[in-house]
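*Asks:* just need the structure, nothing else, for what follows:
(one chain, ligands or ions: 1)
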Amino acid sequence: MTSAAQAETKVYPPSAETVARAHVDAEKYARMYEESVSDPEAFWGEHGKRIDWIKPYTKVKDVNYDFGSVSINWYADGTLNVSANCLDRHLKTRGDQTAIIWEPDDPNDEAQHITYAELHRRTCRMANILESMGVRKGDRVVIYLPMIPEAAYAMLACARIGAIHSIVFAGFSPDALAARINGCDAKVIITADEAPRGGRKTPLKSNADAALLHCKDTVKCLVVKRTGGQTTWIDGRDFDYNEMALEADDYCAPAEMNAEDPLFILYTSGSTGQPKGVVHTTGGYLVYASMTHEITFDYHDGDIYWCTADVGWVTGHSYIVYGPLANGATTLMFEGVPTYPDASRFWQVCEKHKVNQFYTAPTAIRALMGQGNEFVEKCDLSSLRILGTVGEPINPEAWTWYHEVVGKGKCPIVDTWWQTETGGHMMTPLPGAHATKPGSAMKPFFGVQPVVLDPQSGVEINGNGVEGVLCIKDSWPGQMRTVWGDHERFEKTYFSDYKGYYFTGDGCRRDEDGDYWITGRVDDVINVSGHRMGTAEVESALVAHPAVAEAAVVGYPHDIKGQGIYCYVTLMNDREPSEELRKELRQWVRTEIGPIASPDVIQWAPGLPKTRSGKIMRRILRKIAENDFGSLGDTSTLADPSVVEDLIENRANK
Ligand code: WT7
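*Replies:* The predicted structure is shown next:
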């Protein structure tokens, strides 16, 4: 960052009131951070006690980052149950307290308030249903549900009996769903008839039916009634949740799990190949999710906390369900979208339920900002104390709008940088400890040691005012342990480029004050509306179409989505470009992956810029998509430089 730009960065110190209330102030942060990195064993040994153990651990950390023998273990000889931590241990003190506030898609439908006692009963019934369907410890269960309380029951029920859940976002297509069911060899899939969202309905059960055609015929399907919409039924395969729940017992004993037993698998996109199954385990994950939830959001007993994410993403796992419930919090679960029935919905929900901590994504903030302030200003947002953002870099304009218009200048913004792989927050300002800067994730959480490396040499760049690739030295309890069924891929993806470190895939800058700014991915992953997308996945969907000979996909700046999907497509010799074909390809990708992968731009490319050895030069394609023709760099190594001129000349009009 130039010093001129730096001078423009406004710094927002926390108010005296925020500091006074906070679990962690500046002095405490400094002391705890120092302890956490100088003696991780002692630090995490102590903080591991924040959750209940059946058999206490005697070992805290056992980690090896050496490529070829990477292994990550925390609290390895301890035993516990996650659902008992999220439910049973609260029953005495807060059985009648609301655990989940459920706000449905349609504001005219009634919200539900589910107490801890009720959540416990519902979870136990679901657990008993799963057991009656043959699910046992270690078995995989795929969850493909709308944002309804049953999604939380299902997660906790799996955790209760030691089954490993793998949630598939309800926006994914049948093909993507089938790949995930097969990828983890699931025994059961839990779905619903339909998912209402923004006034429209996604036919989840018929998507599941379509997916199951490509799966083993032993996979069973448990169906939750949401809308009552019609579904086809296969006796023996399909099970009626609502009917079974009437009969099921109210109690199911929690299974004793080892700290390193898998809790869940969550598929996420990488720079190459198909999505990988990120594996999180039981003990370290829960310690980390609960501690970050409490400290980052400065959560206090009695607060109403709302994270707008979907449980189909890791944010929903750690910060709608596991973190908040482990802390005995009241967590709001929202089925709808920010703009339905209109752009006031988020703020109406905040007013209605008196939300204290509100956590959302930059893409939503940008979309709502574009609708005008009156949608915010007509609501009473005086309950709000902390605002959070996650998923992608937030531009200073959106940050400032969030701070001023939504937070009335009094709510600290926690810009939380983390990943599916990290399980919980890695860098974020803490409300009472740090001043904030629009667009900066500021400081590492306890135990996290970020380093900035030179991308070529892999050498650590010390000091401030530096930029490079972001790696993490050493482990933290919430770290992923492996890729499901492919430990080699785990090591290769995260531990091979920069030996001895965890490689994040992000670039970053450490400014003159030592504060961190995430600059975006340095690999072929793009971030579309906070959803992570591998360009390779979209490419392989495109080339699966019979008209397509070759495709290259890159990200380009998009006002609302952060990044849009830009596709260069070379057609088969016998095919001609046409608007119909463009539409067909767009629809094709939606069917193959899901609406979130919908191409924003498809440019016909008679040829793609390649090196003489046949490697596509994405750097050039990115520049063209960005409309930045002045800095294409060296094109002399191209096999045929004229293709670049053609692409520039015909650059699609966005
Ligand atoms: C990637 C991880 C973590 C839950 C949601 C996304 C980007 C995430 C931020 C942030 C800048 C961010 C990174 C990261 N990212 N949060 N606060 N500032 N970038 O999880 O799908 O695993 O994506 O999202 O590029 O690597 P994910």
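
*Asks:* what's the neighbour count on residue 330?
*Replies:* The tally of other residues near residue 330 (other Cβ atoms under 10 Å) stands at 26. No exception for glycine: its C-beta is placed from N, CA and C like everyone else's.

*Asks:* and it, how close does it get to residue 118?
*Replies:* Applying Cβ to Cβ, to the nearest Å, the value for residue 330 to residue 118 is 13 Å.

*Asks:* list residues touching both of the two?
*Replies:* Common neighbours of residue 330 and residue 118 are listed as residue 99 (criterion: Cβ atoms under 8 Å, 6 or more residues apart in numbering).

*Asks:* strands along the stretch 251-400 of the chain, start to end?
*Replies:* Taking DSSP state E, counting those that start in this stretch as the criterion, the stretch 251-400 of the chain carries its strands at 257-258, 262-268, 276-281, 304-307, 330-334, 357-360, 386-390.

*Asks:* again, but for the stretch 551-654 of the chain
*Replies:* 562-571, 601-604.

*Asks:* list the contacts for residue 354?
*Replies:* So residue 354 contacts 304, 383 (Cβ under 8 Å, 6+ apart).

*Asks:* contacts for the helix or strand residue 99 falls within?
*Replies:* Assessed by DSSP states H and E, residue 99 sits inside strand 98-103. For strand 98-103, contacts defined as Cβ under 8 Å, 6+ apart pick out 90, 111-116, 118-119, 148-149, 152, 304, 325, 329-336, 349, 352-353.

*Asks:* and residue 522, what's its pLDDT?
*Replies:* Confidence at residue 522, expressed as pLDDT, is 93.

*Asks:* I meant to write residue 1 there.
*Replies:* On pLDDT, residue 1 comes in at 42.

*Asks:* residue 628 now?
*Replies:* Residue 628 is given a pLDDT of 87.

*Asks:* near the ligand, which residues of this protein are found?
*Replies:* Counting by Cβ under 6 Å from any ligand atom, the residues of the chain close to the ligand are 268, 313-315, 390-393, 415-420, 441, 504-506, 518, 521, 527, 532.

*Asks:* just the ones of those residues in helices?
*Replies:* 314-315 (DSSP state H).

*Asks:* quick one, which of the residues of the chain next to the ligand are buried?
*Replies:* Neighbour counting with 16 or more other Cβ atoms under 10 Å marks 268, 313-315, 390-393, 415-420, 441, 504-506, 518, 521, 527, 532 as buried within these.

*Asks:* residues touching residue 138, list them.
*Replies:* Here residue 138 is in contact with 162-164, 261-262 (criterion: Cβ under 8 Å, 6+ apart).

*Asks:* where does the prediction get shaky in the stretch 201-350 of the chain?
*Replies:* Along the stretch 201-350 of the chain, no part satisfies pLDDT under 70.

*Asks:* ok, for the residue of it found nearest the ligand, nearest residue in space, not its chain neighbours?
*Replies:* Nearest to the ligand in the stretch 201-350 of the chain, going by Cβ to the nearest ligand atom, is residue 315, at a distance of 4.5 Å. Excluding the flanking residues, the one nearest residue 315 by Cβ to Cβ, 6 or more residues apart in numbering is residue 309, at 3.7 Å.

*Asks:* before we move on, the earlier item: make CSV out of the strands of the stretch 551-654 of the chain and add distance to residue 366.
*Replies:* Below are the strands of the stretch 551-654 of the chain laid out as CSV (distance: least, Cβ to Cβ, whole Å):
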stretch, distance to residue 366
strand 562-571, 8
strand 601-604, 19
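
*Asks:* need the ones you listed in TSV (columns: mean pLDDT and mean neighbour count).
*Replies:* Formatted as TSV, the strands of the stretch 551-654 of the chain follow (pLDDT from 0 to 100; neighbours: other Cβ atoms under 10 Å):
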stretch	mean pLDDT	mean neighbour count
strand 562-571	96	24
strand 601-604	96	20
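
*Asks:* would you list every one of the helices in the stretch 451-600 of the chain?
*Replies:* Remark: helices assigned in the stretch 451-600 of the chain by DSSP state H, counting those that start in this stretch are 487-495, 535-543, 579-592.

*Asks:* what sits against the residue nearest to residue 268 when sequence neighbours are not counted?
*Replies:* In space, not counting the residues next to it along the chain, residue 268 is nearest to residue 420; the distance is 4.3 Å by Cβ to Cβ, 6+ apart. Shown in contact with residue 420 (Cβ under 8 Å, 6+ apart): 266, 268, 278, 313-314, 480, 532.

*Asks:* export the residues you listed to CSV and tack on distance to residue 369?
*Replies:* Compiled in CSV, those are given as follows (distance: Cβ to Cβ, whole Å):
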residue, distance to residue 369
266, 30
268, 28
278, 32
313, 22
314, 25
480, 34
532, 23
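
*Asks:* and the longest helix along the chain, which residues are buried?
*Replies:* Using DSSP H, we find that the single longest helix of the chain is helix 116-132. Within helix 116-132, the residues that count as buried by 16+ other Cβ under 10 Å are 116-131.

*Asks:* tell me the SS of residue 158?
*Replies:* Three-state call for residue 158 (DSSP: H, G, I helix; E, B strand; the rest coil): helix.

*Asks:* from the ligand, how far off is the spatially closest residue to it that is not a sequence neighbour?
*Replies:* Nearest residue to residue 158 in three dimensions, chain neighbours excluded: residue 165, at 4.1 Å (Cβ to Cβ, 6+ apart). Taking Cβ to the nearest ligand atom, to the nearest Å as the measure, residue 165 falls 17 Å from the ligand.

*Asks:* so what secondary structure elements neighbour the helix or strand containing residue 165?
*Replies:* Following DSSP H and E, one finds residue 165 within strand 164-167. Strand 164-167 is packed against strand 140-144, helix 149-161, strand 262-268, with contacts defined by 3 or more Cβ pairs under 8 Å, 6 or more residues apart in numbering; DSSP states H and E.

*Asks:* so which of these gets nearest residue 48?
*Replies:* Judged by Cβ to Cβ, the one of these that comes nearest to residue 48 is strand 262-268, at 15.6 Å.

*Asks:* could I get the buried residue list for that closest one?
*Replies:* Quick answer for strand 262-268 (16+ other Cβ under 10 Å): 262-268.

*Asks:* just stretch 341-353 next, same as before
*Replies:* 343-351, 353.

*Asks:* and the contacts of it?
*Replies:* The contact list for stretch 341-353 (Cβ under 8 Å, 6+ apart) reads 101, 103, 107, 111, 199, 304, 306, 308, 332, 334, 336-339, 355, 358, 360, 364, 367-368, 371-372, 375-376, 378-381, 383-384, 406.

*Asks:* using ChimeraX, define a selection of the buried residues within these.
*Replies:* Buried residues among the contacts of stretch 341-353 (16+ other Cβ under 10 Å), as a ChimeraX selection:
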select :101,103,107,304,306,308,332,334,336,337,338,339,355,358,360,364,367,368,375,376,379,381,384,406
